[in-house]
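Chemist: Give the three-dimensional model of this entry:
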Amino acid sequence: MNKQTRSEITAVGDATKAIAYARVSSKEQDKEGFSIPAQQKLLSGYAQTNRLTIVQEYVDVETAKHTGRTNFEEMVRYLKSHRNIRIVLVEKTDRLYRNLKDWVTLDELDVEIHLVKEGVVLSRDSKSSEKFVHGIKVLMAKNYIDNLSEEARKGQLEKAEQGIWPSKAPLGYRNVTGLNGKKIIEPDPEFSGTITHLFGWYATGTLSLKQLAAEAQSAGLVYRRTGGPLPTSNLHAILRNRLYTGDFDWNGRRYVGRHQPLVSRELWERVQGVLDGRHASKSGRKTKRDFAFSGLIKCGHCGCALVGELKKKRYVYYHCTGYKGKCPEPYVREEVVSEQFSALLGRLSFGDEVLSWVRTALLESHADEQKEHEAAIGRLQGEYDRLRHRLHAMYVDKLDGRIDGSFYTQMSEQWRTEQDKIAREIARHQAADRSYLEEGAQLIELAHGAQRLFAKQEAQEQRRLLNFVLSNSIWKDGELTATFRQPFNLIAEATAAASGGEGGGGLNSPGHPAWLGN
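Modeler: Next up is the predicted model:
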């Protein structure tokens, strides 16, 4: 893309006015040369070169504890109220977006985004190829956002290892401050007794979850804020939550908690048995079959969910729940629904040549990210080596009697702790560098083979795939409609343009107009 030509075309009247946005996400980034002044200098120089006038500057500085972006939101409000200003200058993708929601927000404002360091200008008129690669890079930026919460996760893990539940208290407990000043959980006097009764009632095997919901409502168990009744899905989650036994699971590990249990481990295990269908009563309650599309589709007539039902012990049909009254939508065979989902996923399919081209584009876009990681790793390695030399020198001083043993022990422990922290940061940069390309490749390969993958998967995996790729699935009068999530919508648009232009055959070429321009 020729960004100078595009800027010159844009630079007419108010089109020469721009907003500059800069952000750092950690103190480490500030040290590594990505400081706010460095970004502002880059954007200012770019604006001068391209004859743009920066009328507003917005800056966000984040830390692990404070990750809100007040000024990003202020910038969005400014753009909404100043429709004559449509240019946003930013260093690169991961400075502007923290998630897909940010992307959608700016996309809806129809602004022209200049990613200065990447040499890319994005607007409604951008090539489909640029939009697609940009969408992948927005997802990749999430790697850096995940790193922001590293210290918070570390603190949570430390609490878990101490037997303290490190998150918001579930229903039946409440968050309080303990004697040592740490946040802990304790039984909620208002609801804890009812939670205990829930386990006892369900353990008998005589109640369905729907019947249990009615019992819970009668006993006064409701949402804290709204006072509304709990749906069966929430009750199911409560019955599955090991936290009520005094133990809890966190990040894939099990911990013995220090909080007061509401049920015994034996009662909890009995309830799991009922949920799994092992101890169901003679009334004939069985474990529900895992229907692939239940709860995934809404009825186009009334907005209720479509659910699966087994007929004659072999045929699966879907129908509207009819919670809002009798619905005209007839039952439909699962095979029919599956075929239409498969057809939707087929709209993402593109040729192997395009797949190779996109991989190359990702590799090229990774070069800048790789430089940043290498710079950070170099700085961290330098700090690590400096501490190593310091430890060695101090050890010699100890041997020569220039310092006493207690001082050596105190300082060496402090410096080794710093070394451990630096080693973790190096590993995090190395992992983020690898995952940038790996996750990007996985996304495009998923799109490329989504239809084929869907045909081979079990029900649960099919549902996960559809939830990842699609949203707002609606069934009406025998027809399925759905919205592709970003960036899959960009792929679908490109494939549709190619199919319309050459009957679908030309899409195998990355030189097809669908990829090179709109």
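Chemist: How about the secondary structure of residue 18?
Modeler: strand (DSSP: H, G, I helix; E, B strand; the rest coil).
Chemist: And the residue found closest to it once you drop the neighbours it is linked to in the chain, what's its pLDDT?
Modeler: Leaving out its chain neighbours, the residue that sits closest to residue 18 by CB to CB, 6 or more residues apart in numbering is residue 87, at 3.9 Å. From N, CA and C alone the C-beta is placed, and that goes for glycine too. The predicted structure scores residue 87 at 95 on the pLDDT scale.
Chemist: Tell me, how many residues neighbour residue 87?
Modeler: By other CB atoms under 10 Å, the residues close to residue 87 number 27.
Chemist: Distance of it relative to residue 337?
Modeler: When CB to CB, to the nearest Å is applied, the distance between residue 87 and residue 337 equals 45 Å.
Chemist: CA atoms of stretch 178-196 as CSV?
Modeler: Taking Å, rounded to 0.1, in the frame of the first residue of the first chain, the C-alpha atoms of stretch 178-196 are listed here in CSV:
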residue,chain,number,x,y,z
GLY,A,178,-9.6,-11.4,57.4
LEU,A,179,-7.7,-10.6,60.5
ASN,A,180,-4.4,-10.4,58.6
GLY,A,181,-5.9,-7.9,56.1
LYS,A,182,-6.3,-10.4,53.3
LYS,A,183,-9.5,-10.9,51.4
ILE,A,184,-11.1,-14.2,52.2
ILE,A,185,-14.6,-15.8,51.9
GLU,A,186,-17.0,-16.8,54.7
PRO,A,187,-20.5,-18.3,54.7
ASP,A,188,-23.2,-15.8,53.8
PRO,A,189,-25.7,-15.9,56.7
GLU,A,190,-28.5,-15.1,54.2
PHE,A,191,-28.0,-17.9,51.7
SER,A,192,-25.5,-20.5,53.0
GLY,A,193,-28.1,-22.6,54.7
THR,A,194,-30.2,-22.9,51.6
ILE,A,195,-27.1,-23.9,49.5
THR,A,196,-26.5,-26.7,52.0
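Chemist: If we go by neighbour counts, what in it is buried?
Modeler: Of the residues in stretch 178-196, those with enough neighbours to count as buried (16 or more other CB atoms under 10 Å) are 184-185, 187-188, 191-196.
Chemist: Inside helices: which ones of the residues you listed?
Modeler: Counting by DSSP state H, these place 192-196 in helices.
Chemist: Who are the packing partners of the helix or strand where residue 46 lies?
Modeler: Taking DSSP states H and E as the criterion, the element that holds residue 46 is helix 36-49. Helices and strands touching helix 36-49, as assessed by 3 or more CB pairs under 8 Å, 6 or more residues apart in numbering; DSSP states H and E, comprise strand 17-24, strand 53-61, strand 87-90.
Chemist: how does it look with 6 Å?
Modeler: Counting contacts by 3 or more CB pairs under 6 Å, 6 or more residues apart in numbering; DSSP states H and E, helix 36-49 packs against strand 17-24.
Chemist: so what strands line up beside the strand it packs on?
Modeler: With DSSP bridges as the criterion, the sheet partners recorded for strand 17-24 are strand 53-61 (parallel), strand 87-90 (parallel).
Chemist: how about a markdown table for these, with distance to residue 382 added?
Modeler: Supplementary listing: the strands paired with strand 17-24 in a markdown table, determined by distance: least, CB to CB, whole Å:
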| stretch | distance to residue 382 |
| --- | --- |
| strand 53-61 | 25 |
| strand 87-90 | 29 |
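Chemist: rank those strands by pLDDT, which is bottom?
Modeler: Among these, strand 53-61 carries the lowest mean pLDDT, at a mean of 92.
Chemist: Show me what it is in contact with.
Modeler: Applying CB atoms under 6 Å, 6 or more residues apart in numbering, the contact partners of strand 53-61 are 16-24, 36, 47, 69, 71-72, 75.
Chemist: which one of the residues you listed is nearest residue 105?
Modeler: For residue 105, the nearest member of those is residue 72. The distance, counting by CB to CB, is 9.0 Å.
Chemist: Run a quick neighbour tally on the closest one.
Modeler: 20.
Chemist: pLDDT score for it?
Modeler: Residue 72 is given a pLDDT of 91.
Chemist: does it belong to a helix or a strand, and which?
Modeler: helix 70-81.
Chemist: and that helix, what does it pack onto?
Modeler: strand 53-61.
Chemist: how about the strand it packs on: buried residues?
Modeler: Going by 16+ other CB under 10 Å, strand 53-61 has these buried residues: 54, 56-61.
Chemist: just stretch 386-394 next, same as before
Modeler: Neighbour counts using 16+ other CB under 10 Å place 387, 394 of stretch 386-394 among the buried residues.
Chemist: Now do it: distance to the chain's middle.
Modeler: If you compare the mean C-alpha spot of stretch 386-394 with that of the full chain, they lie 41 Å apart, counting by CA atoms, centre = their mean, to the nearest Å.
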